[in-house]
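> coords below, sequence missing:
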């Protein structure tokens, strides 16, 4: 049997047929003769296949520009025909799957005419043997497959060209489309308003926008100030040490992990670095992002040439990481192909703008003043916080402060919040809730006066929720101030973590 020639990896073959078929379009072919419409699709499939093979030959001869053009035409033709097959009665999608599989092998130089092997991606590269990796992590990394069914050259390609559907991804699609559908929609809206700050960082790195959305949707839902129990923070949930490694530090008291643009840049750098380590295998890169790169490197080196879903890797992953990878991929897939899953993204006008305060106001007051302007039924609090992550939403900013807002709110602010009844109402509500406790009762000459609400009545536990601050918690207690609560819990600063249990005084 002739040896396979290793070709340079070109653009990934699209797997969009999977989405077309899963959307319930075409029916199974019957026993009767194929219709002219079906035969026409098969003819286009064959033409596209020949065109793709011709592009491989052109690349072999060194004519890269012509090869790229021929390949693009062939892929577009094949994608279009496969999508139409999913909607044409009598068209057999398995014929398209067979062509995709054959071209995948041909593309990677591992196709041999008449070969029956099913998964060439799991074979180590030429010159490396499985035994080499057990003693040399570097050899193990080099032996990783170029992820035929996931990523070959991730940078600069659309996510549709990278995606494959399997059981875990399908299960994740169902979860996003059912129980987590509200979370997915919120993540999409949040992302659209931050897109102008996040997407350019990915674009410069040559990474797909869908991947950015998938990671963000799973990590934080697009809430810039999200903090996990483990301490991961920001829209892309960087641990402190990892953030420092990629330029996210604390400046003037601000944790840069909460900055959406800076977090996106650091995330792109991390993904780019780990793709290099894992030989452009996206699933292993995502697993490293979630479960730790050191552990992932050791497992990959000990099991060279296997994919993330191989039991040798998959069964060693934590339940969180086994869930994380397909959930990210599924969210990214839905970002690109909502129509295939009866999903409709909301229309969001994310054009950026800015306002300059004409009267003092906090983000909370502005939220009340803006109301449900421009159809935002959930209000603008989350968007204002995301776009102005350095600001405490409860603290009034002085006149002249510049705030980033969606451009559509510039007119609303000028007409409703610069003057008139709404900012007055917002300020009235905002200042009212700042009353922590009523004034103490007048002193009495009685020998045993009844004490004012005291802290000696015992204590109760309180679990910190997202958005909580010591100030907001003190308001709920109504008989203790911030310093009292900090003292009771031995807090040196006022930083809280979601899930943290505090002791609070019992009030009477």
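Received the coordinates, thanks. Keep in mind that what you see is a predicted model, and the values were worked out from it rather than measured. Residues are numbered from 1 along each chain as shown.
> just give me the neighbour total for residue 231.
Residues near residue 231, counting by other C-beta atoms under 10 Å, number 12. All C-beta spots, glycine's among them, are computed from the backbone N, C-alpha and C.
> same deal with the one 3 residues further on?
Burial of residue 234 is recorded as 28 neighbouring residues (other C-beta under 10 Å).
> and if you look at residue 314?
Residues near residue 314, counting by other C-beta under 10 Å, number 18.
> for the one 5 residues further on, same thing?
Neighbour count of residue 319, defined by other C-beta under 10 Å: 7.
> go on, residue 196?
16.
> cool, residue 220 as well?
As a burial measure, residue 220 scores 23 neighbours (other C-beta under 10 Å).
> name the nearest residue to it, sequence neighbours excluded.
residue 226 (3.9 Å; C-beta to C-beta, 6 or more residues apart in numbering).
> contacts only, for that neighbour.
Contacts for residue 226 were tallied using C-beta atoms under 8 Å, 6 or more residues apart in numbering; they are 219, 220, 233, 234, 235, 237, 466, 498.
> how near is it to residue 370?
The gap separating residue 226 from residue 370 is 23 Å, by C-beta to C-beta, to the nearest Å.
> neighbouring strands - and their directions - for the helix or strand residue 502 falls within?
Under the criterion DSSP states H and E, the helix or strand holding residue 502 is strand 501-505. Using DSSP bridges, strand 501-505 pairs in its sheet with strand 459-463 (antiparallel).
> next, the buried residues of the strand it pairs with.
Of the residues in strand 459-463, residue 462 count as buried by neighbour count, 16 or more other C-beta atoms under 10 Å.
> off-centre distance for that strand?
Relative to its chain's centre, strand 459-463 lies at 34 Å (C-alpha atoms, centre = their mean, to the nearest Å).
> contacts for it?
The contact list for strand 459-463 (C-beta under 8 Å, 6+ apart) reads 473, 488, 499, 500, 501, 502, 503, 504, 505, 506.
> which one is the fourth one nearest to, not counting chain neighbours?
Computed as C-beta to C-beta, 6+ apart, the closest residue to residue 500 that is not its neighbour in sequence is residue 464, at 4.4 Å.
> tell me the pLDDT at the nearest residue to residue 270 once chain neighbours are set aside?
Nearest residue to residue 270 in three dimensions, chain neighbours excluded: residue 246, at 5.9 Å (C-beta to C-beta, 6+ apart). Note on residue 246: pLDDT of 96.
> from residue 77, how far off is residue 84?
As judged by C-beta to C-beta, residue 84 and residue 77 stand 11 Å apart.
> anything in contact with each of these two?
By C-beta under 8 Å, 6+ apart, residue 84 and residue 77 have no common neighbours.
> and the residue nearest to residue 270, what does it touch?
Contacts of residue 246 by C-beta under 8 Å, 6+ apart are 238, 265, 266, 267, 269, 270.
> is the first one in contact with residue 228, as I believe?
Same thing as residue 238. No - counting by C-beta atoms under 8 Å, residue 238 does not reach residue 228; the two are 10.4 Å apart.
> where exactly do the helices run in the stretch 101-250 of the chain?
All helices of the stretch 101-250 of the chain, identified by DSSP state H, counting those that start in this stretch, fall at 130-135, 137-142, 167-177, 181-205, 209-219, 240-245.
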